[in-house]
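> Model the structure of this input:
(one chain, ligands or ions: 1)
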Amino acid sequence: MAVTSASPAVVLVVEDEPAIATAVANRLSAEGWTVEVAGDGHAGVAAASRLRPGLVVLDVMLPGIDGLEVCRRIQAERAVPVLMLTARDDETDMLIGLGVGADDYMTKPFSMRELVARCKALLRRNERALQAAQLAGTDRQEPPITIGDVVIDRAQRRVSRGAEQVHLTPTEFDLLVTLASSPRTVHTRERLLAEVWDWVDASGTRTVDSHVKALRRKLGPDLVRTVHGVGYAFDPPSGTATEAPAAPAPTPPERSAEG
Ligand code: CA
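Numbers count the residues shown, from 1 in each chain. Prediction:
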């Protein structure tokens with residue numbers, strides 16, 4: 001089966017500052033993508049539903065509903081890569097803590113060159129996921145990875161732990177598969193960036209850390225081990241396969257967002 005891109009990707013830019021929206025749209029258009037701009041949160045959600053974009057570039061601070069809620073609503077409808085634009089690094093940390101589910105983050109001001117590189121990486125990865133989905137149901141599909149009570153269904157791109165389905169973003173899923181494909185092996189941040197994000201430079205190792213945080217929050221803190229100064233390793237869960245349901249993970253204290 002020849003897999004070709006049926007049409008150039010549609011990129012949705014949700015950004016309320018006209019100067020930034022225009023600059024981003026012009027730059028992404030120059031890459032050959034079809035770009036649509038939405039100027040507030042509600043318009044962004046509506047446009048995502050209507051356009052079914054291949055990628056969403058999403059500002060956090062928006063009139064109407066903010067980027068967090070826009071991201072949740074878009075992802076609830078359909079899995080699509082989201083690149084979130086934040087004002088500060090600590091805002092990125094806050095968003096990761098809240099489990100917003102974006103695939104990548106860029107702090108303003110950013111270079112257009114880097115924006116394009118990250119958009120390309122996200123689109124490439126999504127293309128690969130689509131190809132894997134097309135193989136599902138054929139004899140070429142990859143078998144699930146089962147490690148203890150963790151089951152990673154690569155064909156359906158679903159993850160469960162015990163009886164619980166775990167909702168991961170596409171990036172979180174790819175990171176988990178990469179780590180779990182070779183348990184107990186240390187993966188450096190740079191290697192993970194190259195394999196999961198398709199990045200060739202190592203400027204984004206913080207992105208790896210943030211996605212590991214998200215995996216721990218969703219799957220439990222015991223699976224992904226930090227190897228200090230080096231990277232991460234996937235450790236099989238201890239005390240596997242019992243009939244009793246797993247005890248619920250302790251709920252972290254509620255964090256209220258400002259405003
Ligand atoms: Ca804004």
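
> residue ranges of the strands in the stretch 1-150 of the chain, please?
Assigned by DSSP state E, counting those that start in this stretch, the stretch 1-150 of the chain shows strands spanning 10-14, 34-38, 55-59, 82-86, 104-107, 145-147, 150-153.

> again, but for the stretch 151-259 of the chain
Taking DSSP E, counting those that start in this stretch as the test, the strands found in the stretch 151-259 of the chain are 158-161, 164-166, 187-188, 224-227, 231-234.

> Quick check on Q156: phi, psi?
Geometry field for Q156 lists phi and psi as phi -90, psi -10, criterion degrees, to the nearest 10.

> That one - how many residues pack around it?
Other residues within reach of Q156 by the criterion other CB atoms under 10 Å amount to 13. Where C-beta positions appear, they are placed from N, C-alpha and C, glycine not excepted.

> what about V10, distance to R52?
In this structure, V10 lies at 7 Å from R52, with CB to CB, to the nearest Å as the measure.

> Who has more neighbours out of the two?
V10 (16 against 12).

> For the closest residue to the ion within the stretch 51-200 of the chain, give me its contacts.
Among all residues of the stretch 51-200 of the chain, M61 sits closest to the ion, at 4.0 Å; criterion: CB to the ion. M61 makes contacts with D16, G67, A87, as judged by CB atoms under 8 Å, 6 or more residues apart in numbering.

> Which of those are buried? Put it as a PyMOL command.
Buried members of the contacts of M61, defined by 16 or more other CB atoms under 10 Å, are picked up in PyMOL with:
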select buried, resi 16+67
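
> near the ion too, which of the contacts of M61?
Among the contacts of M61, the residues lying close to the ion (CB under 5 Å from the ion) are D16.

> From the contacts of M61, pick the one nearest A121.
If you rank those by distance to A121 using CB to CB, G67 comes first, at 20.3 Å.

> Report the contact partners of the closest one.
Under the criterion of CB under 8 Å, 6+ apart, the contact partners of G67 comprise V14, G41, L58, D59, V60, M61, M84, L85, V100.

> In helices, which of the contacts of M61 fall?
Those of the contacts of M61 mapping onto helices are G67, per DSSP state H.
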